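*Asks:* Here's my sequence, what's the structure:
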Amino acid sequence: MTTSTTTPIEVSALHGAQQAIASYAQLLDTGRAEEVADLFTPDGVAEITGMATFAGREAIRAGYAGFTVQSPQLHLVTNTVLTSVTEDEATAVSNLAFFHRGKDGWTVELAGRYDDTLRLHEGVWKFARRVTSFFA
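*Replies:* Next up, the predicted model:
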């Protein structure tokens, strides 16, 4: 957002987006991928470009249950910027790097970006759509 003053809804959306984005990474990195679905609206969509699209919490829960932590890992999410905000919807973009610890230490496995649409659902900002894309 490039405004000279920040409105209360922008502050709420930014805080809510940061909470959802950080929770997503923490849940995946601690092997609790099934809980990721709770970060989405009931009709939310999680798209992992080139891999899969899961629509609705149950599909998201089932899809992410297949992602198991094989060894220590870390999703580092940074440079999150809100690109639009209304009273009940916000869009954001973030960069990500995925680290994996192997026998030789930590390595970057991939880098990419999240394009998010979040909605205020029952007083909490949740993903309505999250598109994960990877840099070549």
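*Asks:* Nearest the middle, which residue of this structure would you pick?
*Replies:* residue 21 (4.3 Å; C-alpha atoms, centre = their mean).
*Asks:* just checking, that residue touches residue 79?
*Replies:* No: in this structure residue 21 lies outside contact range of residue 79 using C-beta atoms under 8 Å: 11.1 Å. No exception for glycine: its C-beta is placed from N, CA and C like everyone else's.
*Asks:* Provide the secondary structure category for residue 20.
*Replies:* helix (DSSP: H, G, I helix; E, B strand; the rest coil).
*Asks:* Which pLDDT value belongs to it?
*Replies:* According to the prediction, residue 20 has pLDDT 98.
*Asks:* related to what we said a few turns ago, tell me the contacts of the residue nearest to the centre of the chain?
*Replies:* Taking C-beta atoms under 8 Å, 6 or more residues apart in numbering, we find residue 21 in contact with 77, 80, 92, 94, 114, 116.
*Asks:* pretty sure residue 88 is touching residue 120, no?
*Replies:* Yes: shown here, residue 88 and residue 120 form a contact pair, counting by C-beta under 8 Å, at 4.3 Å.
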